[in-house]
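> Just the structure for this:
(4 chains, ligands or ions: 4)
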Amino acid sequence: MSARRGQALKEPSQKPTLDYLAIHLNMLKLAKFEDSLLEYSKQGILRGSLHLGQGQEACPVGACLALRKTDNLTMTYRGHGYALAKGCDLGRMAAEILGRKDGLSGGKGGKMHLFDIDNGLLGANGIVAGGIPTAAGAALSAKVLKENRVALTAFGDGTVNQGVAQECFNMAALFKLPLILFCENNLYAEMTPLSRSSGNTDLCNRMAAIGLKTIRIDGNDPLEVYETVAQARKRAAVGEGATFIEAMTYRTSGHYQLDPGTSYRPKEEVEEWRSNSPITRFAKWLVSSKHATPDQIKKLENQADKEVKKGFEFALASPAPDVQEASEGVFV
Amino acid sequence: MSARRGQALKEPSQKPTLDYLAIHLNMLKLAKFEDSLLEYSKQGILRGSLHLGQGQEACPVGACLALRKTDNLTMTYRGHGYALAKGCDLGRMAAEILGRKDGLSGGKGGKMHLFDIDNGLLGANGIVAGGIPTAAGAALSAKVLKENRVALTAFGDGTVNQGVAQECFNMAALFKLPLILFCENNLYAEMTPLSRSSGNTDLCNRMAAIGLKTIRIDGNDPLEVYETVAQARKRAAVGEGATFIEAMTYRTSGHYQLDPGTSYRPKEEVEEWRSNSPITRFAKWLVSSKHATPDQIKKLENQADKEVKKGFEFALASPAPDVQEASEGVFV
Amino acid sequence: MTYGQAVKSAIAEEMRRDPRVVLMGEDIGHHGGMFQVTKGLFEEFGEDRIIDTPISESGFIGMALGAALTGLKPVVEIMFFDFSLVAMDQILNQLAKTTYMSGGLSVPLVIRTQGGGYKGAAAQHSQMLESLFLHVPGLKVVAPSSASDAAGLLKAAIRDPNPVLFIEHNQLYAKESDIDATEIPLGKAAVKRSGSQASIFSYSFSLTLCLEAAEQLAKEGIDVEVVDMRTLNPLDFGTVEKSVKKTHRALIVHESAARCGFGADLAAQIQEKLFDELDGPILRVTGADHPLPFAKDMEFASLPTVDKIIAKVKEVLA
Amino acid sequence: MTYGQAVKSAIAEEMRRDPRVVLMGEDIGHHGGMFQVTKGLFEEFGEDRIIDTPISESGFIGMALGAALTGLKPVVEIMFFDFSLVAMDQILNQLAKTTYMSGGLSVPLVIRTQGGGYKGAAAQHSQMLESLFLHVPGLKVVAPSSASDAAGLLKAAIRDPNPVLFIEHNQLYAKESDIDATEIPLGKAAVKRSGSQASIFSYSFSLTLCLEAAEQLAKEGIDVEVVDMRTLNPLDFGTVEKSVKKTHRALIVHESAARCGFGADLAAQIQEKLFDELDGPILRVTGADHPLPFAKDMEFASLPTVDKIIAKVKEVLA
Ligand SMILES: Cc1ncc(C[n+]2csc(CCOP(=O)(O)OP(=O)(O)O)c2C)c(N)n1
Ligand SMILES: Cc1ncc(C[n+]2csc(CCOP(=O)(O)OP(=O)(O)O)c2C)c(N)n1
Ligand SMILES: [Mg+2]
Ligand SMILES: [Mg+2]
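Ligands and ions are numbered 1, 2, ... in the order given. This next block holds a predicted model:
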């Protein structure tokens, strides 16, 4: 496991015209969005279990930046970040997660089932690996319909051991699907370390043997994530097939809101990763590389705060859905 | 795909005290057993579809020779050979396949569900990959109970793409199970060639990346099969874990009795493999290497004939099961 | 035209009509399907639209969902109904729930499969599992008993914007009937034989056994009505109600197991809504509540037969 | 002792009693289970007997079958009932059929899982799917409603030579009751409240709602009997019959969906066997026939509640 954690960030190799401040803002928005969720959960306003992506913000932000609006995406219960970064309206997302009428699915889906087809979002998922086939199918349709569209599916390290994931990895290779298999390797599946879930802990090695192009990257560096996904997107779009990206990262929080995340992980490990969290590190780099002043960073934080607050105001102002709607909408 | 088909057989490297004639006899018995099944199927005496292992006789015979009676085994619909070679009574097997009272399961299981726990047989299976977990579980119990016992599961090339197979391959590596994953790569899954089922057609390469020890062998050479399985058994028994064996072979008949097996396979390919079928080749070698005279071979054929006939006589003399037994035996 | 050919012709017509219709499954393309139902389609439509898959049902059924959400109308084949069990999460947790959970996305796809016993295929190659797909909400479920229903209903299924499970029966593939080119709307039962003394509700192959039983009963002067449910979800309770109100006696016949089966469900609904119309209990002839045995006599003893239906009708009338 | 603790104590006792009992599942060992039900067992029994698995339900449940056939008695955990759908082939085609297909092999294993809504976990983390496992024959199915039943029935399940699906309910884990150390035989319902005017048949968490409803009805002078089915297969029809013969009116309550559900099945059986005993139709309060919505009011509108049960009892008596 050679996560390049702790390494200093470098200027991206090919300088794309990236808006670094926007990237930072997006990570901040995500972090603050999740902070709010946790707060509402504690207050009992948000129901059910809550899986935060704290410490993994660079993955969704970097990955979605490399995708187009028409590209498709599936992710997991830990997927708020992908929805936001893919362009989902923050207020409607918050409304869904709080079970309100103006939510993305009118309050029917809830936080594990975020859909937003206008932004290509084909669902978060409550079943480990459950959304991988959906993304593979979207890639298949792009291929069959000859549309310039790719699909990305985000999932965790533990997920590769679910049969359907392997079935799709093989078909992605076999059919040369325009698919990006984006694995957020945060070293644990719930409380289980990778060494107790995979016979071969080198996931890139394991996936390469299926016939996939693979690459392991620093998943805490939004620029590296962006570049890698952009490359993978290019390959996919020109018919060169699927890429498995292993983004090394770490959730600084627990598996879900009631898990402190400490009993099964060494304290030093948590500390080390926490001090190298994508946001902290990127902020430092922005300043040290003169892409932003500390003042600008502060402003971004305020802006993120404001946007998130506004979103939740919208959500909280939205009424509960009409109860009778519960029995409607099984079929269109 | 470097099947060593057509190659001349060599004397086994480490000379075990093998009874070559018994090996040949076992292959002959299997072939004749299946000839009879086909005949009874044509006559309408045997019901349902019938999946023959013609041309693949060296696999079960070689593999089971390396196993002990207490070792466990699961296989597929194409698994008559494993049952026979593992020591199953031929008559009771025939009776089961003909749906008689004296069948292994009293006629309830049928040919896709051959069980014989006294010989370690934990079932043939109608579901692709369905029996792989059973064997893995038997290996697990051997490990937990510290019994000197291993398990072997036989399956086809197409089967590796079924999710549950991959789940078990990973757990076999992860838990270092005393398990032998015996893949009869006959190049086709039903009518689908390997190149249209696996993103990487080098199955050993694919499985090695899961963390398994792998080896590709000539699956038409019973001695090579025997030696390989014996090695794998040794590894398993001393706690070194699971081995994936890719035995290159070919079914000279169709996928099942109504498939001539010709529409989707090149004529030359079928011919070439047919002329190198395990039985033909082994008989030649026995004679040329002076392990047997042509006369002895002839005698073995007669003996096989006789034993198979006797088995079917037993089976045909067995009555149909009592109808009221149908509703019994869901639970013990 | 046979039932099998009717299925093929419906697929072919829909594929010609709508370029978004694609097929997926094992050995359906190059080979034309294990039962030759898709034979020839590969030649006409090519490998872009007829996709041979590895033995990865869970994966490719889930892919069909993704494809359906993004512009295609996949018709996916599960070779034997029994094999659907390897793909239940994708079917029941994913594609059956997507429309509801997403607040209204359309999932236009059809899962075609075939099931049924009476052929010596034993416990893992004979099951009719429709009730599992009726219990977990989110799929339309269709099980035609004739070539013409198969053609008409399959067209409707392919045109439907919702996921449809289309269940063919092995024993029906060779059955002939005239078919016309019209679509038959989902959710409509059909009275296949009108009668006055009792109502038999059935579908798929069992329905044909019921018609045979009704013939024979007629010779004994017993006049029963036979209703082909055809679509099992949505359920056409209106037609059931009309029939029960006429005959006041009901029998339900299906091949799948009794417990928590379609018949249990329909019986519960009938007694709930039409209690006062009933002159006696609703009875059932169903597959047995144990795995299907292999040996012939045991197998037939475990499945509906004409004789059992006749005997049960007499019980219903007793 | 709470229901959760009762489950743990039963497991621990059986593990002490019989060295062949092992546990398998995700995060059950080192971590002690997502609901802490197996907390501490790893420390007592060690990694040979408490096996943490990868997220490969199909694989490890199938492995439990192989282990059960070769000397172990595995107790396997599926973290949420919903996840059982990824393992249906291994459960229903393999382990439920092995005894029958093999002509009598014993398959001593228990699948433990927990399900249930009322907690904002939406469509994929709330399902009660017992009816699927009742339809396909071959499993014993148990769904206790109290700590003491949980302990007694789990012991019996672990000792049973057959595969048992043991269904816990999320809303019950914290529920307290006294437990004694005795095994409760599978296949026996329990009259949890005796009454004369109507019979309510239920199980698991819903049963507790029925008892509450019965309390409240009693205050209105309505006297209902509440029967806890406890074991859903084999079904204790004898106890059902006795109750129906006393009250002549029946209501069935469960959280799972109505169509092809346990209630449909029981209603069908009651009207079939006890038609003349019934003074009115058998009614049901069940989970809704649609995926479970997330928002609270919608969720509760889709599930049994005390109010709904009270109203339905009044309908039954009308
Ligand atoms: C089929 C299935 N099994 C088990 C679970 C419970 N579960 C939820 S998240 C999780 C761990 C997933 O780990 P990983 O893939 O590494 O993703 P991460 O949570 O670390 O992002 C498990 C086991 C589930 N949701 N679905
Ligand atoms: C889950 C499942 N899907 C599909 C089938 C139908 N089927 C039976 S055999 C077979 C091909 C298996 O090929 P392979 O693994 O290569 O074994 P072989 O038959 O060549 O020995 C298929 C697809 C099945 N039995 N089970
Ligand atoms: Mg992880
Ligand atoms: Mg093969």
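> Quickly find the element holding the nearest residue to C:Thr182 once chain neighbours are set aside.
Nearest residue to C:Thr182 in three dimensions, chain neighbours excluded: C:Gly152, at 6.0 Å (C-beta to C-beta, 6 or more residues apart in numbering or on different chains). For the C-beta atoms, the positions are set from N, CA and C on the backbone; glycine is no exception. Assigned by DSSP states H and E, C:Gly152 falls within helix C:147-159.
> Pull whichever helix or strand comes after that helix out as CSV, backbone CA atoms only.
On the C-terminal side of helix C:147-159, the closest following helix or strand by DSSP H and E is strand C:164-169. What follows is strand C:164-169, C-alpha atoms only, in CSV (Å, rounded to 0.1, in the frame of the first residue of the first chain):
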residue,chain,number,x,y,z
VAL,C,164,-41.5,-6.5,-16.4
LEU,C,165,-40.7,-10.1,-15.6
PHE,C,166,-41.9,-12.2,-18.5
ILE,C,167,-42.2,-15.8,-17.6
GLU,C,168,-42.3,-18.4,-20.3
HIS,C,169,-43.0,-22.1,-19.7
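> wait, isn't the residue nearest to C:Thr182 in contact with C:Ser177?
No: checked against C-beta atoms under 8 Å, the pair C:Gly152 and C:Ser177 is beyond contact range at 11.2 Å.
> Comparing these two, which shows the higher neighbour count?
C:Gly152 (23 against 15; other C-beta atoms under 10 Å in any protein chain shown).
> Check what pLDDT that one gets.
Listed pLDDT for C:Gly152 reads 97.
> Please determine how far the residue nearest to C:Thr182 is located from B:Asp89.
Using C-beta to C-beta, to the nearest Å, one obtains 52 Å as the distance from C:Gly152 to B:Asp89.
> Tell me which stretches of the stretch 101-250 of chain C form strands.
C:110-115, C:140-142, C:164-169, C:190-193, C:198-202, C:224-228, C:231-233, C:250-257 (DSSP state E, counting those that start in this stretch).
> Residue in chain A with the shortest distance to ligand 1?
Here the residue of chain A nearest ligand 1 is A:Gly156; by C-beta to the nearest ligand atom that distance is 2.0 Å.
> Would you check how far apart that residue and B:Pro266 are?
Applying C-beta to C-beta, the value for A:Gly156 to B:Pro266 is 44 Å.
> neighbour count winner among the two?
Using other C-beta under 10 Å, the more surrounded residue of A:Gly156 and B:Pro266 is A:Gly156, with 25 against 9.
> A:Cys183: neighbour count?
Around A:Cys183 sit 26 other residues, with neighbours defined as other C-beta under 10 Å.
> Is it bridged to anything, and to what?
Residues in a beta bridge with A:Cys183, per DSSP bridges, are A:Phe155, A:Glu246.
> and it, what does it touch?
A:Ala154, A:Phe155, A:Gly156, A:Asp157, A:Thr159, A:Val160, A:Leu203, A:Phe244, A:Ile245, A:Glu246, A:Ala247 (C-beta atoms under 8 Å, 6 or more residues apart in numbering or on different chains).
> Repeat that for C:His30.
Counting by C-beta under 8 Å, 6+ apart, C:His30 makes contact with B:Met191, B:Thr192, B:Tyr264, C:Phe42, C:Asp52.
> now the strands for chain A?
Using DSSP state E, the strands assigned to chain A run over residues A:72-74, A:151-156, A:179-185, A:188-189, A:192-193, A:213-218, A:243-248.
> Please identify the most buried of those strands.
Of all the strands of chain A, strand A:72-74 has the most neighbours on average by mean count of other C-beta atoms under 10 Å in any protein chain shown, namely a mean of 30.
> Could you check that one against chain C for contacts?
Yes: between strand A:72-74 and chain C, judged by C-beta under 8 Å from any C-beta of the partner chain, the touching residues are A:Asn72, A:Thr74.
> what packs against that strand?
Judged by 3 or more C-beta pairs under 8 Å, 6 or more residues apart in numbering or on different chains; DSSP states H and E, strand A:72-74 is in contact with helix A:132-144, strand A:151-156, helix C:57-69.
> tell me the mean pLDDT over the shortest one?
For strand A:151-156, the per-residue pLDDT values average out at 98.
> returning to what we had before: using a markdown table, lay out the strands of the stretch 101-250 of chain C together with distance to ligand 2.
Formatted as a markdown table, those follow (distance: least, C-beta to the nearest ligand atom, whole Å):
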| stretch | distance to ligand 2 |
| --- | --- |
| strand C:110-115 | 11 |
| strand C:140-142 | 21 |
| strand C:164-169 | 16 |
| strand C:190-193 | 33 |
| strand C:198-202 | 28 |
| strand C:224-228 | 30 |
| strand C:231-233 | 24 |
| strand C:250-257 | 19 |
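> Tell me which of the ones you listed sits nearest to D:Lys246.
Nearest to D:Lys246 among the strands of the stretch 101-250 of chain C is strand C:250-257; the distance by C-beta to C-beta comes to 27.1 Å.
> wait, does that closest one contact chain D?
Yes: using C-beta under 8 Å from any C-beta, strand C:250-257 comes into contact with chain D via C:Ser256, C:Ala257.
> Report the angle between that strand and strand C:198-202.
Calculated by axes from the mean of the first three to the mean of the last three C-alpha atoms, to 10 degrees, strand C:250-257 forms an angle of 20 degrees with strand C:198-202.
> Which parts of strand C:250-257 count as buried, going by neighbours?
Neighbour counts over strand C:250-257 (16 or more other C-beta atoms under 10 Å in any protein chain shown) mark C:Ala250, C:Leu251, C:Ile252, C:Val253, C:His254, C:Glu255, C:Ser256, C:Ala257 as buried.
> Right, I'll leave it there.
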